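K.L.:
Predicted model follows, preceded by the sequence.
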Amino acid sequence: MKKHILFCIIAGIMTISLVGCQKENKLNKEVLNEASNSNSSIIINNTSYEDEPDNSVIKKRYDNVNKEQLTYEIVPQSGYFYESENEIVSSFRLNEIPSINNKKYWHILQDYTYACELNPTKLSYDEAIKLISKVLPSDIKKEREKLKDGDEYLIRSIIYSSSKGNFIVQLVHPKIEDENLKKTTNLDSVIGISYLKEE
């Protein structure tokens with residue numbers, strides 16, 4: 001009898017939770033679709049990753065962006081990024097790899113991010129640089145680059161300074177496997193772009 005009552009209580013709580021999550025998810029999708037299809041000056045800086053639009057929506061945002069209206073608002077997440085001697089590193093690895101300058105960088109401009117893990121794009125390096133110039137401040141100055149070589153791709157982190165703060169843009173270059181199973185990096189191809197800003 002006690003198990004039956006406990007089961008009913010748990011089932012009731014799960015039903016209420018599911019209904020609430022579905023309503024919130026439907027509202028998020030409606031806001032995203034309205035902003036994506038609108039020709040107005042509504043700027044959404046940071047939509048959640050679970051509502052990742054297809055690349056045509058992101059391309060449309062780049063085509064219609066007014067960078068003067070962008071706020072460069074930091075995406076609230078549990079971890080930040082920092083600069084080590086050789087690469088840009090997630091704060092979850094702070095105990096393993098020391099920071100060289102104690103600066104913290106957080107994700108921004110999520111609505112202009114091509115996430116290679118969720119939604120890879122196909123851009124040339126020059127096209128990616130043009131997109132960056134559409135959303136970052138006009139007075140950006142490239143300070144340096146850092147490369148992180150992985151198994152599946154290479155991440156090029158470009159560090160910029162500007163009057164609106166310091167930024168890091170991460171470009172993801174794919175690795176191509178030849179018939180001998182040897183992988184090489186295609187530096188002219190970009191499959192992901194993400195933006196970070198110093199806190």
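P.N.:
Here it is on my side, so go on. In this text, all values refer to a predicted model and were calculated from it rather than measured experimentally.

K.L.:
contacting residues for Val75?
P.N.:
Asn46, Trp106, His107, Ile108, Gln110 (Cβ atoms under 8 Å, 6 or more residues apart in numbering). For the C-beta atoms, the positions are set from N, CA and C on the backbone; glycine is no exception.

K.L.:
Can you classify it by secondary structure?
P.N.:
Three-state assignment for Val75 (DSSP: H, G, I helix; E, B strand; the rest coil): coil.

K.L.:
Name whatever forms a beta bridge with the residue nearest to it when sequence neighbours are not counted.
P.N.:
Excluding the flanking residues, the one nearest Val75 by Cβ to Cβ, 6 or more residues apart in numbering is His107, at 4.1 Å. For His107, the beta-bridge partners are Leu196 (DSSP bridges).

K.L.:
By neighbours, which of the contacts of Val75 wins?
P.N.:
Within these, neighbour counts (other Cβ atoms under 10 Å) peak at Ile108, which reaches 25 neighbours.

K.L.:
what's the pLDDT at that one?
P.N.:
Per-residue pLDDT puts Ile108 at 95.

K.L.:
Look up how far Glu96 lies from it.
P.N.:
Ile108 sits 25 Å away from Glu96, going by Cβ to Cβ, to the nearest Å.

K.L.:
same thing with Ala128?
P.N.:
Taken as Cβ to Cβ, the span from Ala128 to Glu96 is 30 Å.

K.L.:
Between these two, tell me which one has more neighbours.
P.N.:
More crowded of Ala128 and Glu96, by other Cβ under 10 Å: Ala128, with 24 against 8.

K.L.:
Please look at the more buried one and Val172 and confirm they touch.
P.N.:
No - look at Ala128 against Val172 with Cβ atoms under 8 Å: they stay out of range, at 9.6 Å.

K.L.:
between these two, what contacts are shared?
P.N.:
Common neighbours of Ala128 and Val172, using Cβ under 8 Å, 6+ apart, are Val190, Ile193.

K.L.:
starting at the chain centroid, how far to the longest strand belonging to the chain?
P.N.:
When the chain is parsed with DSSP state E, its longest strand is strand 167-177. Relative to its chain's centre, strand 167-177 lies at 12 Å (Cα atoms, centre = their mean, to the nearest Å).

K.L.:
mind listing what's buried in that strand?
P.N.:
Phe167, Ile168, Val169, Gln170, Leu171, Val172, His173, Pro174 (16 or more other Cβ atoms under 10 Å).

K.L.:
so how far is Phe81 from the last one?
P.N.:
Computed as Cβ to Cβ, the Pro174 to Phe81 distance reads 22 Å.
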